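**Student:** Fold the following, please.
(chains A and B)
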Amino acid sequence: MQESVSKQLEPKFKILAGMILVIFLLLIVRLWVLQIMEGATIMVKSRANQTRVIRINAPRGYFYDRNGEILVSTRISRNVSVVPEDVKDKPQVIALLAKILKMPVSEIEAKLQPDSKSNRSPYQYVTIKKDIDPATAIKILEAQMDLPGVEVDEVPVRYYKYGEYASHLFGYIREINDKELEAMKADGYKLGDLIGKSGLERTYEQYLRGTDGGKVFEVDIHGRRKAKLETKEPEPGNNLHLTIDHKVQQAAEKALEEHLIYLQKNTKYKNAKAGVAIALDPRNGDILAMVSKPGFDPNLFVGPISKEVANNLYNNKLTPLLNRAIGGEYAPGSTFKPVTVLAALNEQKVTAQDQFYCNGYDPVWKHRFKCWTATGGQAPHGRQTVIDGLKNSCNIVMAELSRRIGVDALAEYTRYVGFGKPTGIELYPGEKKGFVADRQWKEKNTRDKKWFPLETLHFGIGQGYLTVTPIQLAQFYAALANNGVVYKPRVVTKITDASGKTVKSFPPQKVRELNIPAEDLAIVKKGLEEVISGGTAAAYFRGFPLDKYPVAGKTGTAQRYGYDNGGVFASFAPADKPEIVVVVFVEQGGSGSAGAAPIARKIFEAYFGIGDENPKEGKKPETTEATANRQAWSAAGHGSSTAPVAPVQQASAGQPVSPSNLPATPGVTSEDTKNR
Amino acid sequence: MDRRLLKNLDYTVLVVVGLLLIVGLVMVYSTTNVKTQLTGGDPFYVVKKQLVAVLIGFVAMAIVLSFDYRISDRMAQLLYVLNILVLLMVLIFGTERNGAKSWLFGVQPSEFSKVVMIVLFGKYLAEKESLRSFYDFIGPFLYMGCPLLLIMLQPDLGTALVFIFFMFIMMYMAGAPGKKLLVIILAGILSVVLMFLGHKYLGTPLPIKEYQINRLTSFINPEKDPHRSGWNVIQAMIAVGSGQFSGKGLFQGTQGRLGYLPENHTDFIFAVLCEELGFVGGFGVLFLFFTFIWRGLRIALQARDKTGSLIAVGIISLFLFHVLENVGMNIGIMPITGIPLPFISSGGSSMIASLVAVGVLSNIWARRQKIMF
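**Tutor:** Take a look at the predicted model:
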C-alpha cells in the first residue's frame, strides 16, 4: 500500500519538491540582495532614521585689550526646556516648575501647546525660559526627581562686558539671514547660527566662530532621546588680541559721552549729539581707542530686540550703527592747515621767516574771504609767520599760501599725505575714502566746470569740497608725529587659539614714508605745539602738565550749511617724542577748541595717567574742564576778551590756585569758534 | 505512550522544531523586553507567556501523537461540525483586533481550524474516488468552502489564503489534474482583478476595506506612501538590510527597539532577527524551515496510506505558505497579510496549532509501517 501511494504520486511529489526549492531559493536570494548587496546603503538609512544630532554651539573667541584684559567674552546662559509629552498629564510638575521659575502656570502651558505650524514632535524639548540665574538652575537640578522631562541646557552667549563700549569697533552678532546663509553654506553655516554682522565680529568671523560640536542621540519613533551615541566637544573660536587700551578706550567713551551732554546742556549747541574719538600710536599704527557716538550696546543683539529698540537703532537720524571713525566723512576744517603749510614750504613758496599781515580780510577777496577774527568781531591777527598762522589758525595766512601753491599742487600734496584714499584699516564694513577735489574733477562732474580761485582758498583751510574720515586725519597726524613714516592703522595684533598658540599675527605695517624735509616738519610741529601752549586750544589745556607731556595739535571748525559748525581736534603727544595721536570730531559741536579739544585732553590724561598721578584731584579735571569750557565758550560767543579762570569751582575742590590753572594769555580763549 | 511509537519518531523534525522554538523565544525576548506597555515591567512577561504556549503545545502534540491519524468517519463529522460551530461563534461573540474579528476568549480558533481542516480534508480526498473533472471538484470545494467562507467573513485574509493554498496543493496531490486546477486559479485571479477594476472605474463595492487594499498592495511601491501604508514594508526592509552579513548583534537591533518597526514581535519578528543576527541568522532560520519541510515531504512520500500522505502534504503546504508569506512580507516581496512565522512569532494560538501540526506529522511518520499494537 505504501509503495503504491508513493509510486502513484511520485511525479507530483517531484513538482512539489521543485516548488519548495524554488520558494526557498527565492527567499534566500532576496535576503542576499537586501543584506549583502544593499546592506551598506540600507545601514546608512537606518542610522539616519534613528539618530538626531543636537548641536553644541562653540563658544566664540574672546577679545582682549593690549594688556590682556578681557573686553568681550562668552558667558554661559542656562535655559530651561521641557518635553511636552513628559509633563502632559502632570500638572504638579508644571506647578512646581512655575513656582521655581516664578512664572505663571498658564504661560508655561501656553509654550507647551502643540504648535500647528512647525509640526513639532511632542517629544522635542521646548525652551520655557532663557538665561535663568544660577540659583534657579540649582533649584531645578535639586528638584530633578520631581521634574521629569525638565532639563537645564547650557548655551554659550556672547557677552560684551562693558556694554556700550567700542561698539562699532567690536560690532555685534546676530542670527544669520537667508542671503548670508546662501552665500556661506559652503563654510558649514546652518539656519539659526549666529554670525558677526559688523565690526571685528564680522571682519574676523571665520576665526571667532570656532567649530560647533554635537551630541548624537539615538531617538525612538517619537523623537524621544534614548541613548547618547557620541559627543563631539565644540572647539572654541580663536581669540583676538586688540591694540585697544582699555584705560584709554574707557576714558574716550566717557569723555565723548559727557562732553556731548555738556554741550547740549550748557551751550547753544543743542544738536551736538554725535562724535568720534580715535587714539592711536603713531609709532606702529595701533588703535588705542576708537569711539563713535551715538553707539549701541552689542549685548542688545544677543536676544530678541524690542520694536522700540530696533526703531531706535535702525530708523534713527543719528545712525547709531554707523562707525563714524571710518565711515564718517567730514570737512577737516583748520586741522587741514598743516598740509597747506607743508605744501607751501616744500614748494618753496614760503619760509619760516616770511611775514604775513592779517587785517581780518583777504587782500584779494576782501569781504568774500575773511579770517575768523573778522567773523567774530575780534581784533585781527596782525603780523603773522606761518608758525603764528598755525598757532592762531589764521585764515589769511593760509589763503595766501594756497594762492601761491595753486589748486593742482595742493590737491597733489593732499593726496600724497594720504587723504582721498583708504588708510587700510581692516574693519567691517570698510572705510570711506573721503574726497579731494581738483580741477579735472570739477570739469567733469559739476555744472560750473571751471575751478574758481576762491575755491583754492577754501581748500587751503580745509573747507569746500574736501572731506576726510577721522581715521585718515588720525593717520595724517600720526605721520606728522612720526616724521613722515605712515603705518596702517592696526586693531588686532594677533589671533590665538584656545590653547594660547598664535594662529595669525599682524605685525605693524608701514604703508609709506612721506618725503617731508625735517626742517619743514619742525616748523609745522612748532606751530602745532604753540596751538596748545598759547594758541587756539590753550584755554582747554590749562592745567595740563605740558612741561612734562607737551602736546601738539590743531583745532578745526567745519562748516556745514544748515547745521551748527562741527568741532575737530587733531593732536599728538608728547610733542617731542610722540606716543599717542588723538583725533576728535564732534558733529555740530560748535568749534574745535570748545567742542572737541576737551575730549582729547581727557584722553591724554588717561593715557599718561595724569589723573592717577594726582589722586587729590579726584573728579576734579572733569568739573574744571566743564567750567573752563563754559567760560571759554561764553568768552568766544560773546566776544569778551577775558576768560576768567574758575576760581569758585577750584576753591570748592580744595585745589590751590596755581599759575598753571590760570589762562596763559588773556583773550586766547576767545578764538577759533568762528574759524571761517 | 507506546515505546515503539517513540522509537519511530522523526527526531530530525523534532530537533529542527526545537531549534526554531529556541530562536523564537530568544527573538520574542529581544522584541518585547523593552516594551513596558506590553510587559508591564517584567521583561520576561511575553517570553513566559510564549513558553506556556510551548508547553501546552507539547502536551497537545503528545495527545495528537497517541491517537491514530486515521480517525473514524463519525469522529471526522464531529470535528467538522465542531469546527464550523466554533468559527460561527467567533463571528458572533468574537473580539476584533487589527481589523479582523478572529479572537474568541483569548484564542484564535482559525489557527486550529487550519490543522483540523487539513486532517479532515486529507481523509475526505483520500476517500474520494475521482478528481478528474471540474464536476468532481464541487465536493471538495464545498467541503473546504464552508470554513473558508467563515474565515473570510472575519475577515482574516491571510488565513483564508493559507486555506486556499493547502487546499489546491492537497487536491493536486490527491490526483486532480494540474491544468484544471490552474484554470480555476487563473479564473479566481481574473475575477479578483475584475472586481478591483470594477471598483476603480464603476464604483462597485468591494468586500474588503480601502486600508486593507492599500496594505496589500503597498509592497509593490512602498515609497508611494512611506508614512502610512508603505511604512511597515520600508521599516522591515531597513531592518533586514541594515543587519548586513552578521547583524547588529543580539538585542542590539535599533529598528525594533526604537519603535520604528511595528508588530515586531509578531508579524515582523523575522525582520528583527535579520537585523540583529544578519544574513547568517536569516539564512539559518530559512535553512531550518527548509529542513523541516523537506523532512515533511519525505513523511508524505513514505506515509502508509493516501490519507497520511495527503495530510502530510497539507501540513507542509501550511508551513511552506506561512514561511513564504511571512518571510516574504518581511523582505518586501509579498503583500502584508499579517500571518505569523511558525514557532517564532509571539502568539499562543499559532504556537499551539503549529505544534499540533508537528504532532500530526509525527503521527503519520510513526505509523508509516504497520505496527502491531
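
**Student:** got the contact list for B:Met173?
**Tutor:** Residues near B:Met173 by Cβ atoms under 8 Å, 6 or more residues apart in numbering or on different chains: A:9, A:12-13, A:16, B:300, B:309-310, B:313. Every C-beta, even on glycine, is put in place using the N, C-alpha and C of the backbone.

**Student:** what pLDDT does it get?
**Tutor:** Listed pLDDT for B:Met173 reads 93.

**Student:** residues in contact with the residue of the stretch 151-300 of chain B found nearest chain A?
**Tutor:** Residue of the stretch 151-300 of chain B nearest chain A, by Cβ to the nearest Cβ: B:Gly241 (2.9 Å). Contact partners of B:Gly241, counting by Cβ under 8 Å, 6+ apart, are A:34-35, A:38-39, A:41-43, A:45-46.

**Student:** Tell me the helix or strand right after the helix or strand hosting it.
**Tutor:** Counting by DSSP states H and E, the element that carries B:Gly241 is helix B:231-243. Sequence-wise, the next helix or strand beyond helix B:231-243 is helix B:254-257, with elements assigned using DSSP H and E.

**Student:** May I see the buried residues of the helix or strand following that next one?
**Tutor:** Downstream of helix B:254-257, the next assigned helix or strand under DSSP H and E is helix B:269-302. Buried positions in helix B:269-302, judged by neighbour count with 16 or more other Cβ atoms under 10 Å in any protein chain shown: B:269-279, B:281-283, B:285-286, B:288-302.

**Student:** restrict the residues you listed to contacts with chain A.
**Tutor:** Subset of those in contact with chain A: B:274, B:278-279, B:282-283, B:286, B:289-290, B:293-294, B:297, B:300-302, counting by Cβ under 8 Å from any Cβ of the partner chain.

**Student:** Most widely separated two among these?
**Tutor:** B:Gly278 and B:Gln302 (36.4 Å; Cβ to Cβ).

**Student:** which bits of the stretch 151-300 of chain A sit near chain B?
**Tutor:** Checking the stretch 151-300 of chain A against chain B by Cβ under 8 Å from any Cβ, the hits are A:218-222, A:226.

**Student:** which among these end up buried?
**Tutor:** A:218-221, A:226.

**Student:** which intervals of chain A have sub-threshold pLDDT?
**Tutor:** Along chain A, segments meeting pLDDT under 70 span A:1-9, A:115-122, A:222-223, A:612-676.

**Student:** Count the residues that sit near residue 61.
**Tutor:** Unless you meant another one, I'm taking chain A. 25 (other Cβ atoms under 10 Å in any protein chain shown).

**Student:** let's do chain B instead
**Tutor:** With other Cβ under 10 Å as criterion, B:Met61 counts 23.

**Student:** Likewise for A:Gly611?
**Tutor:** 17.

**Student:** Strands along the stretch 51-200 of chain A, start to end?
**Tutor:** A:51-56, A:63-64, A:70-82, A:126-132, A:150-160, A:173-175, A:194-196 (DSSP state E, counting those that start in this stretch).

**Student:** for the stretch 251-400 of chain A, same thing?
**Tutor:** Assigned by DSSP E, counting those that start in this stretch, the strands in the stretch 251-400 of chain A fall at A:274-280, A:287-293, A:356-358, A:361-362, A:366-370, A:382-384.

**Student:** strands paired with the third one, and their directions?
**Tutor:** Looking at strand A:356-358 with DSSP bridges, its partner strands are strand A:382-384 (antiparallel).

**Student:** Please enumerate residues in contact with the partner strand?
**Tutor:** So strand A:382-384 is in contact with A:355-359, A:392, A:394, A:396-397, going by Cβ under 8 Å, 6+ apart.

**Student:** can you pull the buried residues of stretch B:207-218?
**Tutor:** Neighbour-count burial for stretch B:207-218, counted by 16+ other Cβ under 10 Å, picks out B:212, B:215-216, B:218.

**Student:** Can you name the residues in contact with that stretch?
**Tutor:** Contacts for stretch B:207-218 (Cβ under 8 Å, 6+ apart): B:99, B:152, B:155, B:157, B:196, B:206, B:224-225, B:228-230, B:232-233, B:335-337.

**Student:** which of those residues count as buried?
**Tutor:** Neighbour-count burial (16+ other Cβ under 10 Å) applied to those gives B:99, B:152, B:155, B:157, B:229-230, B:232-233, B:335-337.

**Student:** May I have stretch B:21-31 exported as CSV, CA atoms only?
**Tutor:** Extracted in CSV, the C-alpha atoms of stretch B:21-31 (Å, rounded to 0.1, in the frame of the first residue of the first chain):
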residue,chain,number,x,y,z
LEU,B,21,11.5,27.3,19.2
ILE,B,22,14.6,28.4,21.0
VAL,B,23,15.3,31.0,18.3
GLY,B,24,11.7,32.1,18.6
LEU,B,25,11.9,32.5,22.4
VAL,B,26,15.1,34.5,22.2
MET,B,27,13.7,36.7,19.5
VAL,B,28,10.4,37.2,21.4
TYR,B,29,12.5,38.3,24.4
SER,B,30,14.6,40.6,22.2
THR,B,31,11.5,42.3,20.7
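
**Student:** about what we covered before: may I see the ones next to chain A among the buried residues of helix B:269-302 arranged in JSON lines, with pLDDT and distance to A:Tyr160 as well?
**Tutor:** Listed next are those as JSON lines, based on pLDDT from 0 to 100; distance: Cβ to Cβ, whole Å:
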{"residue": "B:Cys274", "pLDDT": "95", "distance to A:Tyr160": "57"}
{"residue": "B:Gly278", "pLDDT": "94", "distance to A:Tyr160": "56"}
{"residue": "B:Phe279", "pLDDT": "96", "distance to A:Tyr160": "60"}
{"residue": "B:Gly282", "pLDDT": "96", "distance to A:Tyr160": "61"}
{"residue": "B:Phe283", "pLDDT": "97", "distance to A:Tyr160": "65"}
{"residue": "B:Leu286", "pLDDT": "97", "distance to A:Tyr160": "67"}
{"residue": "B:Phe289", "pLDDT": "97", "distance to A:Tyr160": "71"}
{"residue": "B:Phe290", "pLDDT": "97", "distance to A:Tyr160": "74"}
{"residue": "B:Ile293", "pLDDT": "97", "distance to A:Tyr160": "77"}
{"residue": "B:Trp294", "pLDDT": "96", "distance to A:Tyr160": "79"}
{"residue": "B:Leu297", "pLDDT": "94", "distance to A:Tyr160": "83"}
{"residue": "B:Ala300", "pLDDT": "93", "distance to A:Tyr160": "87"}
{"residue": "B:Leu301", "pLDDT": "90", "distance to A:Tyr160": "89"}
{"residue": "B:Gln302", "pLDDT": "89", "distance to A:Tyr160": "91"}
